[in-house]
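Asker: everything below, folded, please.
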Amino acid sequence: MKKRVRLEEISFARSGDKGDICSAGLIAKTSRAYKTMVDEVTPEKIKRHFGSMVKGSVELYPMPRVECLHVVLRNALGGGATKTLRYDQTGKAMGQAILRMEVEVEEDVLTEARQTMERIYHKYGKAWG
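Answerer: Reported below is the predicted structural model:
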C-alpha cells in the first residue's frame, strides 16, 4: 500500500546556485527509494510544487549509478543573489524546499529508508548533536 509523504522521508538534498539558476541534487536513501523517486519526481510536479517561485523551466537528470536526481531550476532565484529582493536569495534553501514536496511511496520502501536513517544516526548521530 502506498503512503503520501514528503520527499525528505526517502532522500537527502544538496543545492546551490549560479546567477538565477538553482541546481539541486536529490540523493536517495536506498536503492528502492531511488526507483520511487524516478517514478514520482517529474519536472511538472517540481514546477507545480514551487509555483510562481520558479519562472523558467525545470530540468531533471537521473543519475542511476549514484542513485541521485539532478534538478535544474531556471529563473528560480528572482534574478540571482545580487539582484533579487527575496529574503533568502541563494539556491541553498531550495534543496530544503524541494524536500517538502509530497510523493507516493510504498510502505516497505518508506520503512527501509527510515531504517537506513536510524543506522546512520546510530553511527554518526553523536557528531551531529
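Asker: what about Thr30, how many residues close to it?
Answerer: By the other CB atoms under 10 Å criterion, the neighbourhood of Thr30 contains 19 residues. Bear in mind the C-beta positions are built from the backbone N, C-alpha and C, glycine included.
Asker: Val105 too?
Answerer: Using other CB under 10 Å, Val105 is surrounded by 24 other residues.
Asker: hang on, it packs against Val5?
Answerer: Yes - contact between Val105 and Val5 holds when scored by CB atoms under 8 Å: they sit 5.6 Å apart.
Asker: outside of the strand or helix carrying Arg14 itself, list whatever touches it.
Answerer: Under the criterion of DSSP states H and E, Arg14 resides in strand 11-18. Judged by CB atoms under 8 Å, 6 or more residues apart in numbering, the contacts made with strand 11-18 from elsewhere in the structure are 7, 22-29, 33, 37, 77, 80-81, 90-96, 98-99.
Asker: who does the lengthiest helix in the chain touch, helix- and strand-wise?
Answerer: Determined from DSSP state H, the single longest helix within the chain is helix 107-128. Helix 107-128 is packed against strand 2-6, helix 31-40, with contacts defined by 3 or more CB pairs under 8 Å, 6 or more residues apart in numbering; DSSP states H and E.
Asker: what comes up buried for it?
Answerer: Going by neighbour count (16 or more other CB atoms under 10 Å), the buried part of helix 107-128 is Val109, Leu110, Glu112, Ala113.
Asker: hang on, the earlier thing: pairing partners for the strand holding Arg14, with directions?
Answerer: Take DSSP bridges as the rule and strand 11-18 pairs in its sheet with strand 21-28 (antiparallel).
Asker: quick check: angle from the strand it pairs with to helix 107-128?
Answerer: Here strand 21-28 runs at an angle of 110 degrees relative to helix 107-128 (axes from the mean of the first three to the mean of the last three CA atoms, to 10 degrees).
Asker: measure how far strand 21-28 is from the centre of its chain, please.
Answerer: Distance of strand 21-28 from the chain centroid (CA atoms, centre = their mean, to the nearest Å) equals 6 Å.
Asker: may I see the buried residues of it?
Answerer: Neighbour-count burial for strand 21-28, with 16+ other CB under 10 Å as criterion, is recorded at Ile21, Cys22, Ser23, Ala24, Gly25, Leu26, Ile27, Ala28.
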